[in-house]
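1. predicted model and sequence below, questions to follow.
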2 protein chains.
Amino acid sequence: MSVSPVREALARLVATGLATAEHNHGYRVAPLSASDLQDLVDTRIREESWALKRSIENGDEMWEGRILSSLHVLERLPRENPEDQSLYNEQWETRHSDFHNTLISECGSKLTLGFCETLRDQSDRYRRLSLVLEGGGRNARNEHREIAEATIARDAPRAIEALSSHYSMTARYLLETYVEE
Amino acid sequence: MSVSPVREALARLVATGLATAEHNHGYRVAPLSASDLQDLVDTRIREESWALKRSIENGDEMWEGRILSSLHVLERLPRENPEDQSLYNEQWETRHSDFHNTLISECGSKLTLGFCETLRDQSDRYRRLSLVLEGGGRNARNEHREIAEATIARDAPRAIEALSSHYSMTARYLLETYVEE
DNA sequence: ATCTAAAACACTTTCGAAAGTTTGGCAACC
DNA sequence: GGTTGCCAAACTTTCGAAAGTGTTTTAGAT
């Protein structure tokens, strides 16, 4: 494989914030920091809370169905890789992303959805780099169910609270393990 | 000039939403639409309102100084290109962008600032494509001054209202002329 | 005449090498 | 001994051409 397609790929990583580029100095992995993670979580909560609220206002029954469907598939997948328990299950990761995207998909703003996708990609890097499969005795499954139920019940405040604490807890756990290293 | 650097540049345009790419179908200018413009303005008002509020809470005297400085330079530049009155004055465009960026620069979220920059770049395309230098008898100069004064007076609601209506009016005017064509 | 299949065309992408840039080390000089 | 300037190595970027892909045209068959 030649430099051109690699370069092309790197340019896309830069676009999503996973890499950085400096002219005549090539590409680098984007640096990680506790403050960046905090910014990431805060911004993500703000964006997705708005988008979830709007989706609850706009979404129809088809949307509710898609949420239940996403949740169902997610709950039946193991979080760990069946072949190696210390690795991630890429299927679960994909479905997890799908679930969170479905929740906010009816917000009516393509731009906001794009921002949320970027934020999700960047957040996932922190989550995956820490190699934490299950943090602090939490039950991610219950959290996802609570978010979905509150959303379908059209209880925006409860749904937003559930979503926010879902992200906050993950972030707190990551920050704790990060500091310990 | 060869294809490689052109391709590189196009990749960056895609990243900021000014162009689109499809595999084996090359690059295209991103399409324009009234609904996209509406999304752009709504999202921009939401993002920048938050960022302005936070900047008003966090900003120090240095920041106030930078706002006044930006405004001063902007007010003394002609909006039209001195060499051809029907063209834009690139200096004014740069300073205009600076001014709006300075207002929100102390919001404390690098990610949000990045989003605002993207939104500004995309909005500018609509504004510039319409070739409208002064719309609907408005006085952009006064609007900028009002935003700056409310901001420095630390009157967040007034500043947000001024900023929002500044963007809304531009959008409304663009949408009107867009439909007429 | 209409539909199918092959070939020509225009375009996008990828390649390997050349050109350009920065970094580190060595030698000469202050 | 410390500093400056130059050279060499490693790297990044750019180039022109080759390879690959999608679309249109044309020839052949039904």
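-> Cool, got the structure.

2. quick one, what contacts A:Thr43?
-> A:Thr43 is in contact with A:119, B:109, B:111-112, counting by C-beta atoms under 8 Å, 6 or more residues apart in numbering or on different chains. C-beta coordinates here come from the backbone N, C-alpha and C atoms, glycine included.

3. what does A:Ser123 give?
-> A:Ser123 makes contact with A:40-41, A:44, A:167 under the criterion C-beta under 8 Å, 6+ apart.

4. same deal with A:Cys116?
-> With C-beta under 8 Å, 6+ apart, A:Cys116 has these contacts: A:44, A:47-48, A:51, A:101, A:104.

5. so which of those residues are in strands?
-> When the contacts of A:Cys116 are checked against strands (DSSP state E), there are no matches.

6. please flag which of those residues sit within helices.
-> A:44, A:47-48, A:51, A:101, A:104 (DSSP state H).

7. can you narrow the residues you listed to ones near chain B?
-> With C-beta under 8 Å from any C-beta of the partner chain as the criterion, the subset of those in contact with chain B is empty.

8. now render the residues you listed as a markdown table, adding neighbour count, distance to DNA strand D and pLDDT.
-> What follows is the ones in helices among the contacts of A:Cys116, written out as a markdown table (neighbours: other C-beta atoms under 10 Å in any protein chain shown; distance: C-beta to the nearest atom of the strand, whole Å; pLDDT from 0 to 100):
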| residue | neighbour count | distance to DNA strand D | pLDDT |
| --- | --- | --- | --- |
| A:Arg44 | 23 | 30 | 98 |
| A:Glu47 | 25 | 31 | 98 |
| A:Glu48 | 26 | 34 | 98 |
| A:Ala51 | 23 | 34 | 98 |
| A:Asn101 | 17 | 27 | 98 |
| A:Ile104 | 25 | 32 | 98 |
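
9. residue of chain A nearest chain B, please.
-> Using C-beta to the nearest C-beta, A:Ala15 is the residue of chain A that sits closest to chain B, at 3.7 Å.

10. the spatially closest residue to that residue that is not a sequence neighbour: neighbour count?
-> Sequence neighbours aside, B:Ala15 is the residue nearest to A:Ala15 in space, at 3.7 Å (criterion: C-beta to C-beta, 6 or more residues apart in numbering or on different chains). Neighbour count for B:Ala15, taken as other C-beta atoms under 10 Å in any protein chain shown: 16.

11. for B:Ala15, phi and psi?
-> Main-chain torsions, B:Ala15, degrees, to the nearest 10: phi -60, psi -40.

12. now the helix or strand containing A:Ala171: buried residues?
-> Using DSSP states H and E, A:Ala171 maps to helix A:156-180. Neighbour counts over helix A:156-180 (16 or more other C-beta atoms under 10 Å in any protein chain shown) mark A:156, A:159-160, A:162-164, A:166-167, A:170-171, A:173-175 as buried.

13. any weak-confidence spans in chain A?
-> For chain A, residues meeting the criterion pLDDT under 70 lie at A:131-137, A:178-181.

14. nearest the middle, which residue of it would you pick?
-> The centre of chain A sits closest to A:Arg120, judged by C-alpha atoms, centre = their mean, with a distance of 3.7 Å.

15. report the angle between the helix or strand where that residue lies and helix B:110-129.
-> Taking DSSP H and E as the definition, one finds A:Arg120 inside helix A:110-129. With axes from the mean of the first three to the mean of the last three C-alpha atoms, to 10 degrees applied, the angle from helix A:110-129 to helix B:110-129 works out at 150 degrees.

16. distance from helix A:110-129 to the middle of the chain?
-> 6 Å (C-alpha atoms, centre = their mean, to the nearest Å).

17. can you check stretch A:29-47 too?
-> Counting by C-alpha atoms, centre = their mean, stretch A:29-47 is centred 12 Å from the centre of its parent chain.

18. got the CA positions of that stretch in CSV?
-> Taking Å, rounded to 0.1, in the frame of the first residue of the first chain, the C-alpha atoms of stretch A:29-47 are listed here in CSV:
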residue,chain,number,x,y,z
VAL,A,29,-2.0,10.7,17.4
ALA,A,30,-4.1,13.4,19.1
PRO,A,31,-2.9,13.8,22.7
LEU,A,32,-5.1,12.7,25.5
SER,A,33,-5.6,14.7,28.7
ALA,A,34,-7.9,14.7,31.7
SER,A,35,-9.1,18.2,30.8
ASP,A,36,-9.9,17.2,27.2
LEU,A,37,-11.9,14.3,28.5
GLN,A,38,-13.8,16.6,30.8
ASP,A,39,-14.6,18.9,27.9
LEU,A,40,-15.7,16.0,25.8
VAL,A,41,-18.1,14.7,28.4
ASP,A,42,-19.5,18.1,29.3
THR,A,43,-20.0,19.0,25.7
ARG,A,44,-21.5,15.6,24.8
ILE,A,45,-24.0,15.8,27.7
ARG,A,46,-25.0,19.3,26.5
GLU,A,47,-25.4,18.4,22.9
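
19. what are the buried residues along that stretch?
-> A:30, A:36-37, A:39-47.

20. interface residues of chain A facing DNA strand D?
-> Selection of chain A residues close to DNA strand D by C-beta under 7 Å from any atom of the strand yields A:3-4, A:7, A:21-27.

21. find the residue closest to A:Thr151 in space, skipping its chain neighbours.
-> A:Ala159 (4.5 Å).

22. ok, that neighbour to A:Ala51 distance?
-> According to C-beta to C-beta, to the nearest Å, A:Ala159 and A:Ala51 sit 11 Å apart.

23. mutual contacts of those two, please.
-> Residues touching both A:Ala159 and A:Ala51 (C-beta under 8 Å, 6+ apart): none.

24. Serialize the contacts of A:Thr43 to a markdown table and add fields for neighbour count.
-> Formatted as a markdown table, those follow (neighbours: other C-beta atoms under 10 Å in any protein chain shown):
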| residue | neighbour count |
| --- | --- |
| A:Leu119 | 24 |
| B:Ser109 | 20 |
| B:Leu111 | 20 |
| B:Thr112 | 22 |
